[in-house]
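A.B. asks: coordinates only, sequence not included:
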């Protein structure tokens, strides 16, 4: 990947203070930093809790070697600051005066309790945009605690995931928190566009529960409109015959055919006869004969390998795909051809592989020019204390020593 | 009163299905003027996903799925594969900030609407191209629905009950992830243009945006070379951590205990304080080891109450818990009601109902549902007559040529 100069990036010149822990606000910060913003991450003296989550190399915990932390905090600067102390809160206020954006996912009420509410901070910096990422948001559940599992349950997606004869299932990783962070990132960019016109900042609140409730596919819209709960509940790996995961010879394959793609599916299967079969001729008849169609697809899938299915997908533009594991996804010819995964060095964690950006911003054909994305590393804990407190705030060496001795920095 | 942040932004929307339209819904929510261009012969398949039955008149205007994803937009019928349709489209490009499309790779070139052509119509135009796998590489020609992205990115291989193998997500998850990423992409491009004066071509590959939300697994794989085991609802370093049956049919409660203090609080609420002192559950290591027994004890307690009352009791004691909310629960949920999340909408053809509101709360510029999902061709007059300045005769001629229409060709239904 070609190195980008700072001036070439979409968010060059935007300064951000991140009071983010674990996943949601840090993911927002990762995207802001990757697209060019100058992000200062304020960590507690013990570091972002994500530093304590693995995986770690050789399973040996080390605060600078957590894969979760390393991934979520690329291209940021790290300072340590205990802003629950009066001295710490003073320093934080001074930082707030220097930035365009504050992104945070502190426990609800925490900042207000320290005199660091949006209202108080906006007084210091009227152009400040403050973005608060919350599991629930202000309201009756405003002070509720959440972890990813609980947040995922609250937004409706969990009730739709899993087998009908088993408990509802959570998606792997931190999907409720990622959705909140991704929404916060998009909302932040929108608010930045508005700022230029308004000349005054505002407070943006993103609730993970609402972000999820907005994307319940057809399920919530259908219920809201018809008041019929016929579509609610979990359907295992086969939602309907043409939308499911089927076992094949060496794993699983996915089928997802909209009505207009059914013909391509039948062709890829070598079963054009299904197109004239009364039972499968159109979307309504396929729904009426769903179980029979599912049996046909299941029998066909059992004869296939994933590689063959991938080839058919290309040949017929058929709506089928292989289920890939991490190694296969990493080494797939497509990802290699697009140089999507990038090697990034880190002084303690070593050279590791990181996904590239969620979108590529270019001046010409996407494969030609640069991506306007930075592929840097995550910071060491407090790595930028001198730079930020010294150069930005003008503190001198002895001041920093005093703050360190007092347990503030 | 401040105007919505994207008030002066006009976006031409050529996307269909869920991912692209979700991107433009978010942009429309934030005030952009989104004009959906639909071809009379190849209209958005979402209009046909409604489960209303074929006998319903103009059902294509009554799909709740379509109307939820396309609120806050205008609709215009225009066939871009006709020379006259293409020419009018380029005149719209000259008066817009961005074009967003989700065609398979190569279709924009085939329509002679490449980025270079759009740039000739407007020097600093922004083009956002959404595709399944990206516009180059061996898989560029493959189509991808939302579930294919999660299958090929690796998420499905990581999700599932330990005893049953990989599991799909409950929704076509790749679509809203790509859609939200694409909404951000439009804004990033607008910020880039504002600073540099240059337009740009942004590419959102669904498979790549999906990989982003499981990024730590790849960093971890590059450390250890291991595929993590399926965990079901369990967690590597929290216990108890799971989903428990409650009173009623198919009612569930999610609990995540992150510390010894939270575990003690859980035991107190369950009326089983002795469990907190039990050596099998004394610390997180022993709790992880004895999770089955722990889950049994919690299930016995949970079965006696509704998920709502159980969650409330646990939250009051400082334990993270939530009912596993179904769509029916969500629409009655007191928290969302108090936040006025759902908004009542009166649609000229589809009737009156409530839809999910705007997930981003901006304090000075609160956003709402201003426009219903457009009926097919609903804003032809605004676009063709007002924006493009065509005469009645010219519009009638377009209709005769099939370049525009006031109703879709229902022959392409299935």
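C.D. replies: That came in fine, so what should we check first? Quick caveat, the model's predicted, so the values are computed rather than measured.
A.B. asks: from here on, just use CA atoms for contacts and neighbour counts.
C.D. replies: OK.
A.B. asks: thought residue A:43 was touching residue A:79?
C.D. replies: Yes: contact between residue A:43 and residue A:79 holds when scored by C-alpha atoms under 8 Å: they sit 6.1 Å apart.
A.B. asks: so for the two, which residues contact both of them?
C.D. replies: A:381, A:382 (C-alpha atoms under 8 Å, 6 or more residues apart in numbering or on different chains).
A.B. asks: tell me if the biggest helix by length in chain A is near chain B.
C.D. replies: Longest helix of chain A, by residue count under DSSP state H: helix A:175-198. Yes: residues of helix A:175-198 are located near chain B by C-alpha under 8 Å from any C-alpha of the partner chain, namely A:175, A:178-179, A:182-187, A:189-191, A:193-195, A:197-198.
A.B. asks: buried ones among those residues?
C.D. replies: The neighbour count (16 or more other C-alpha atoms under 10 Å in any protein chain shown) marks A:175, A:178-179, A:182-187, A:189-191, A:193-195, A:198 as buried among the residues of helix A:175-198 next to chain B.
A.B. asks: my read: residue A:334 touches residue B:137, true?
C.D. replies: Yes: between residue A:334 and residue B:137 there is a contact at 5.3 Å, judged by C-alpha under 8 Å.
A.B. asks: state the helix or strand in which residue B:8 lies.
C.D. replies: For residue B:8, there is no host helix or strand (DSSP states H and E).
A.B. asks: report the central residue of chain B.
C.D. replies: Central residue of chain B (C-alpha atoms, centre = their mean): residue B:176, 2.7 Å from the mean position.
A.B. asks: in what helix or strand does it lie?
C.D. replies: helix B:174-196.
A.B. asks: same question for residue A:271.
C.D. replies: Counting by DSSP H and E, residue A:271 is part of no helix or strand.
A.B. asks: please state the offset of stretch B:65-74 from the chain centre?
C.D. replies: The chain centroid and the centroid of stretch B:65-74 are separated by 12 Å under C-alpha atoms, centre = their mean, to the nearest Å.
A.B. asks: returning to that earlier point: tell me which strands and helices the helix or strand following the helix holding residue B:176 is in contact with?
C.D. replies: The helix or strand immediately downstream of helix B:174-196 is strand B:200-205, counting by DSSP H and E. The helices and strands touching strand B:200-205, judged by 3 or more C-alpha pairs under 8 Å, 6 or more residues apart in numbering or on different chains; DSSP states H and E, are strand A:360-362, strand B:126-131, helix B:174-196.
A.B. asks: and among the ones you listed, the most buried is which?
C.D. replies: strand B:126-131 (a mean of 27; mean count of other C-alpha atoms under 10 Å in any protein chain shown).
A.B. asks: that strand vs strand B:200-205, what angle?
C.D. replies: Between the axes of strand B:126-131 and strand B:200-205, defined by axes from the mean of the first three to the mean of the last three C-alpha atoms, to 10 degrees, the angle is 20 degrees.
A.B. asks: the stretch 1-150 of chain B against chain A: which residues are in contact?
C.D. replies: Residues of the stretch 1-150 of chain B lying near chain A (C-alpha under 8 Å from any C-alpha): B:2, B:4-6, B:30, B:45, B:50, B:64-65, B:68, B:115, B:133, B:135-139, B:141-145, B:147-148.
A.B. asks: return the subset of these lying in helices.
C.D. replies: Using DSSP H, those in helices are B:64, B:65, B:68, B:115, B:147, B:148.
A.B. asks: okay, now the domains of chain B?
C.D. replies: B:10-213+B:340-412, B:241-328 (automatic domain parsing).
A.B. asks: turn the ones you listed into TSV, columns for distance to residue A:134 and mean pLDDT.
C.D. replies: Shown next, in TSV, are the domains of chain B (distance: least, C-alpha to C-alpha, whole Å; pLDDT from 0 to 100):
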stretch	distance to residue A:134	mean pLDDT
domain B:10-213+B:340-412	11	95
domain B:241-328	14	97
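A.B. asks: so which of these is the most surrounded?
C.D. replies: It is domain B:10-213+B:340-412: most buried of the domains of chain B by mean count of other C-alpha under 10 Å, with a mean of 21.
A.B. asks: how far is that one from where the chain is centred?
C.D. replies: 12 Å.
A.B. asks: excluding chain neighbours, give the residue nearest to residue A:146 in space.
C.D. replies: Spatially, and ignoring its direct neighbours in sequence, residue A:146 is nearest to residue B:320 (4.9 Å; C-alpha to C-alpha, 6 or more residues apart in numbering or on different chains).
A.B. asks: can you name the residue of the stretch 1-150 of chain B nearest chain A?
C.D. replies: residue B:5 (4.0 Å; C-alpha to the nearest C-alpha).
A.B. asks: how about the contacts made by the closest residue to that residue other than its chain neighbours?
C.D. replies: In space, and not counting its chain neighbours, residue B:5 is closest to residue A:194: 4.0 Å by C-alpha to C-alpha, 6+ apart. Each residue near residue A:194 by C-alpha under 8 Å, 6+ apart is listed here: B:4, B:5, B:6.
A.B. asks: from those, which would you call buried?
C.D. replies: B:4, B:5, B:6.
A.B. asks: show me where the stretch 301-409 of chain A has its helices.
C.D. replies: A:306-316, A:326-330, A:333-337, A:385, A:397-405 (DSSP state H, counting those that start in this stretch).
A.B. asks: in terms of mean pLDDT, which of those helices ranks lowest?
C.D. replies: Among those, helix A:397-405 carries the lowest mean pLDDT, a mean of 91.
A.B. asks: give me the contacts around it.
C.D. replies: By C-alpha under 8 Å, 6+ apart, helix A:397-405 touches A:386, A:389, A:390, A:409.
A.B. asks: just send those residues back as JSON lines, with distance to residue A:59, neighbour count and pLDDT too.
C.D. replies: JSON lines is the format used below for these (distance: C-alpha to C-alpha, whole Å; neighbours: other C-alpha atoms under 10 Å in any protein chain shown; pLDDT from 0 to 100):
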{"residue": "A:386", "distance to residue A:59": "32", "neighbour count": "17", "pLDDT": "94"}
{"residue": "A:389", "distance to residue A:59": "34", "neighbour count": "20", "pLDDT": "95"}
{"residue": "A:390", "distance to residue A:59": "36", "neighbour count": "15", "pLDDT": "92"}
{"residue": "A:409", "distance to residue A:59": "29", "neighbour count": "23", "pLDDT": "87"}
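A.B. asks: excluding its backbone neighbours, what's nearest residue A:50?
C.D. replies: That would be residue A:22: by C-alpha to C-alpha, 6+ apart, it lies 4.7 Å from residue A:50.
A.B. asks: quick check: next helix or strand after the host helix or strand of residue B:218?
C.D. replies: Remark: residue B:218 resides in helix B:215-224, with elements defined by DSSP H and E. Later in the chain than helix B:215-224, the nearest helix or strand by DSSP H and E is strand B:241-245.
A.B. asks: partner strands of that next one, with direction?
C.D. replies: strand B:252-256 (antiparallel) (DSSP bridges).
A.B. asks: if I pick residue A:215, what's in contact with it?
C.D. replies: By C-alpha under 8 Å, 6+ apart, the neighbours of residue A:215 are residue B:176.
A.B. asks: local confidence estimate at it?
C.D. replies: 98.
A.B. asks: next, find the distance separating it from residue B:172.
C.D. replies: Between residue A:215 and residue B:172 the computed distance is 9 Å (C-alpha to C-alpha, to the nearest Å).
A.B. asks: got it, and residue B:287?
C.D. replies: In terms of C-alpha to C-alpha, residue B:287 sits 35 Å off from residue B:172.
A.B. asks: try residue A:70
C.D. replies: Relative to residue B:172, and taking C-alpha to C-alpha, residue A:70 is found at 28 Å.
A.B. asks: go on, residue A:173?
C.D. replies: Distance from residue A:173 to residue B:172, by C-alpha to C-alpha: 17 Å.
A.B. asks: check residue B:388 too.
C.D. replies: Taking C-alpha to C-alpha, one finds residue B:388 at 37 Å from residue B:172.
A.B. asks: wait, doesn't residue A:223 sit right on residue B:330?
C.D. replies: No: in this structure, residue A:223 is not within contact of residue B:330 by C-alpha under 8 Å, at 10.7 Å.
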